[in-house]
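*Asks:* show me the folded form of this:
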Amino acid sequence: MMLSRVRILTPLRHREFRLLWTGMTVSLLGDGITTIALAWQAYEISNLPTAFSVIGFSMTLPQVVLLLIGGAVSDRFDRRKVMIAADAIRMAAVAILGLLSLSGQIRIWHMMVIAAFYGSGTAFFGPAFDAIVPDLVPEDELTRANALDQFVRPAAFRMAGPAVGGWLIAAFGGRPGGAFIIDGLTFAVSVACLILMRPHRVERDEDASPSAMFDDIREGFRYVRTQTWLWGTFLAATLAYLVFWGPADALLPFVVKEEMGRSASDLGFILALGGVGAMVAAVVMGNREMPRRHMTFMYLVWTVSTLTIAGYGIARLPWQAMIFCFAFNALESAGLIVWITTKQRLVPGRLLGRVSSFDWFISIGLVPLSYAFTGPVAEAIGARTTLVAAGLIGAAITLAFLFLPGMRNLERSGLLAGIHLELAPGAQEAELAAADLSVERGVLEPAVEAWEQEAAVLGPEPQPERAAVPVTEDAVIGQHVRTLAELRAAIDRWRDSRVELHAELEVLEHEEARLTHADAILERARGAEGELRLLDTAPLRAAAEVLTALGEVAPRSSELAEHARLVAGAAEELAADVRRHREEAELEPDRLEEVRARLFALRSLRREYDEVRAEAPVTSFEDERGSLESGDESGGDAPLEATRGAETGREVG
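*Replies:* Numbers count the residues shown, from 1 in each chain. Below you'll find the model as predicted:
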């Protein structure tokens, strides 16, 4: 039992890995120191929430942009030299930062520029480190090497580093410059360890052209697109990190310093307890089997961990913030362990590197934006309110993606049932002992039986005579270990094939559904065609008669149209005549006065006539008519006739 516990240290027997691990551990300690020193220095310069958020944006933006380039460089050049160059850049950056801080000349824009160089170095160091480990340890010790990394990383970066950083800031009178100088020295130790390592030749692909690299990237993207649990989790992480990463990283130091009025050592202890939470989660999850409902477990613990970000906003004392920090890191790490194991088990080995790069690139792709909006939002609504909102919204986003269609199909398939998590000491042996291999036996045993039957038919294979060699216990154990390794490799190959077949089955089921839908549409079309054939042809005959009648009416319509055009022409001519007569009928002013005078004279004569008639009444109607006729003949009404003639002449022309 004790031996299985210390087997996690067996990769340190190899000199090259021991040097790499030593430099990495010391460098991670320095990274933890710089994490708290950067935040404290930013808020020493400015007490606004935007102070550290702009620095986080400057650091993560080049890291995201250069991440894929850093991976390509680590595959084309000596990875040891790539890490030396990356650590040298980061060492120079923090050294300059420390000198500026100690001199009192440091400004926010200095920190932004230096943080950009620091993030660029990280973008090249990370992929090179992940890629060089398989070159330094045997394949059967990779699990222990990764477990050692997962255990040391939170211990140095999250627990010891922040605690030491807070103590250093307090020791230098509240100035973070000394902490930056110490971090520079840790990078110097890492560079020295890398220089002492022997160079390793990089094995390049036969076709390393840019087009081949893009083809590989497209292949990985196509695989991710077919797996809902992959792209759904990538998208969930992207949106959740956009909401809470910047507030949690930038505003927790602000709340501790400005709102609680505490020192840098208090902030260091808060972050250190978060590292303890991550280590506890690694130990607990490393000794447990994979949860049967692993996707549900993963999303639920991530949802609760994101809710603890809201706890930062309501914490009034450092010990309260410590509890929330412990819970956040413990739950986040528990979900991360399940996520890493799920990827390693279900993604084919030849695609795992590309899928992991997509995971990092997509998940943290919007983190710079998270830092960018953290400061303005915190200034607008307050730092505590921003933290509470980030926790609630981020948790809601995470939980919503659990119910994405197809997200939990893996749980129903049972592909990961009984798998032991490989992050605890002796995890490789524990998994083989605890895993339910009934399915694998169902596949392998028939093949073994067929091979035995064939061997029985062919007879025993002739063996050359050789001297008897005493069989020792170590030889038997070694044979069993080799057999176990071969069985493990066969199971891994079968699992990869099963995952690929599962993906192909999903594609085939989708195509089958599409074909079924197409058959249904075709069947409906055939039914409609039959109905059309059974329709009564009377409407068609009526339509033909209407067309015939229209053909007969067409000539008559042409004649009517011609007649209408003639009538329209005549109407136009008549309108022109009317307009001309109206113009001629308009009287000039002097002629109008003349007519009015004549009308006045006519009325005067009419009155005189009436007076004469009244004085000499006529005895009968016949006499009166005769007198009028005689009066007319004698010219008594000459003015009237003249007036009528004048009017008639005006009308005529």
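
*Asks:* how far away is residue 223 from residue 67?
*Replies:* 19 Å (C-beta to C-beta, to the nearest Å). Every C-beta, even on glycine, is put in place using the N, C-alpha and C of the backbone.

*Asks:* which ones are touching the residue nearest to residue 183 when sequence neighbours are not counted?
*Replies:* Closest residue in space to residue 183, ignoring its immediate chain neighbours: residue 30 at 3.8 Å, by C-beta to C-beta, 6 or more residues apart in numbering. Residues in contact with residue 30 (C-beta atoms under 8 Å, 6 or more residues apart in numbering) are 94, 161, 182-187.

*Asks:* ok, of those residues, which come out buried?
*Replies:* For the contacts of residue 30, a burial check counting by 16 or more other C-beta atoms under 10 Å picks out 94, 161, 182-184, 186-187.

*Asks:* domains of the chain?
*Replies:* 1-199, 217-436, 538-586, 592-653 (automatic domain parsing).

*Asks:* I'd like the average pLDDT over the third one.
*Replies:* If you average the pLDDT over domain 538-586, you get 65.

*Asks:* cool, the first one as well?
*Replies:* With pLDDT averaged residue by residue, domain 1-199 scores 80.

*Asks:* cool, and the second one?
*Replies:* Averaging pLDDT along domain 217-436 gives 78.

*Asks:* mind starting the numbering at 7 from now?
*Replies:* OK, 7 is where the count begins now, so the last one is domain 223-442.

*Asks:* so where do the helices sit in the stretch 57-206 of the chain?
*Replies:* Using DSSP state H, counting those that start in this stretch, the helices of the stretch 57-206 of the chain run over 73-82, 85-109, 114-142, 148-159, 167-177, 183-202.

*Asks:* most tightly packed of these?
*Replies:* Mean neighbours per residue, mean count of other C-beta atoms under 10 Å, is largest over the helices of the stretch 57-206 of the chain for helix 167-177, with a mean of 23.

*Asks:* taking helix 183-202 as reference, get the angle to that helix.
*Replies:* Angle between the axes of helix 167-177 and helix 183-202 is 130 degrees (criterion: axes from the mean of the first three to the mean of the last three C-alpha atoms, to 10 degrees).

*Asks:* on that earlier part again, could you point out which of the buried ones among the contacts of residue 36 is nearest to residue 89?
*Replies:* residue 193 (10.9 Å; C-beta to C-beta).

*Asks:* for residue 134, see how far away that closest one is.
*Replies:* Taking C-beta to C-beta as the measure, residue 193 falls 15 Å from residue 134.

*Asks:* swap in residue 28?
*Replies:* Separation of residue 28 from residue 134 (C-beta to C-beta): 17 Å.

*Asks:* and what of residue 229?
*Replies:* Distance, residue 229 to residue 134, using C-beta to C-beta: 24 Å.

*Asks:* same thing with residue 157?
*Replies:* 21 Å.

*Asks:* before we move on, the earlier item: need the max-distance pair from the buried ones among the contacts of residue 36.
*Replies:* Taking C-beta to C-beta as the measure, these reach their widest spread between 167 and 190, a distance of 14.2 Å.

*Asks:* which one is residue 380 nearest to, not counting chain neighbours?
*Replies:* Once flanking residues are discounted, residue 380 sits nearest to residue 252: 3.7 Å by C-beta to C-beta, 6+ apart.

*Asks:* now do the contacts for that neighbour.
*Replies:* By C-beta under 8 Å, 6+ apart, the neighbours of residue 252 are 59, 62, 373, 376-380.

*Asks:* as TSV, the residues you listed with neighbour count and distance to residue 309 would be great.
*Replies:* Converted to TSV, those look like this (neighbours: other C-beta atoms under 10 Å; distance: C-beta to C-beta, whole Å):
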residue	neighbour count	distance to residue 309
59	26	25
62	26	24
373	22	20
376	25	18
377	24	23
378	20	25
379	16	22
380	30	21
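
*Asks:* residue 245: which of those is nearest?
*Replies:* Nearest to residue 245 among the contacts of residue 252, with distances taken as C-beta to C-beta, is residue 376, at 10.3 Å.

*Asks:* for residue 500, state which of the contacts of residue 36 is nearest.
*Replies:* Distances from residue 500 to those, taken by C-beta to C-beta, are shortest for residue 167, at 42.6 Å.

*Asks:* wait, doesn't the closest one sit right on residue 35?
*Replies:* Yes. Counting by C-beta atoms under 8 Å, residue 167 touches residue 35, with 5.0 Å between them.

*Asks:* what is the burial count for residue 339?
*Replies:* Applying other C-beta atoms under 10 Å, we find 26 residues neighbouring residue 339.

*Asks:* sorry, wrong one. I was asking about residue 112.
*Replies:* For residue 112, the neighbour count with other C-beta under 10 Å is 24.

*Asks:* same check, this time on residue 278
*Replies:* Other residues lying near residue 278 total 25 when counted by other C-beta under 10 Å.

*Asks:* now name the helix or strand holding it.
*Replies:* Element membership of residue 278, judged by DSSP states H and E, is helix 270-292.

*Asks:* C-terminal to that helix, what's the next element?
*Replies:* helix 300-320.

*Asks:* circling back: looking at the domains of the chain, which is closest to residue 504?
*Replies:* Proximity to residue 504 (C-beta to C-beta) singles out domain 223-442 among the domains of the chain, at 7.2 Å.

*Asks:* any idea how far the closest residue to residue 336 other than its chain neighbours is from residue 311?
*Replies:* In space, and not counting its chain neighbours, residue 336 is closest to residue 283: 3.5 Å by C-beta to C-beta, 6+ apart. Computed as C-beta to C-beta, the residue 283 to residue 311 distance reads 10 Å.

*Asks:* what do these two both touch?
*Replies:* Common neighbours of residue 283 and residue 311, using C-beta under 8 Å, 6+ apart, are 333-334, 336.

*Asks:* rebuild these as a markdown table, extending it with distance to residue 354 and neighbour count.
*Replies:* As requested, the shared contacts of residue 283 and residue 311 are exported to a markdown table (distance: C-beta to C-beta, whole Å; neighbours: other C-beta atoms under 10 Å):
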| residue | distance to residue 354 | neighbour count |
| --- | --- | --- |
| 333 | 35 | 18 |
| 334 | 33 | 24 |
| 336 | 31 | 24 |
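
*Asks:* got TSV for those, with secondary structure and distance to residue 20 too?
*Replies:* Compiled in TSV, the shared contacts of residue 283 and residue 311 are given as follows (DSSP: H, G, I helix; E, B strand; the rest coil; distance: C-beta to C-beta, whole Å):
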residue	secondary structure	distance to residue 20
333	helix	37
334	helix	35
336	helix	32
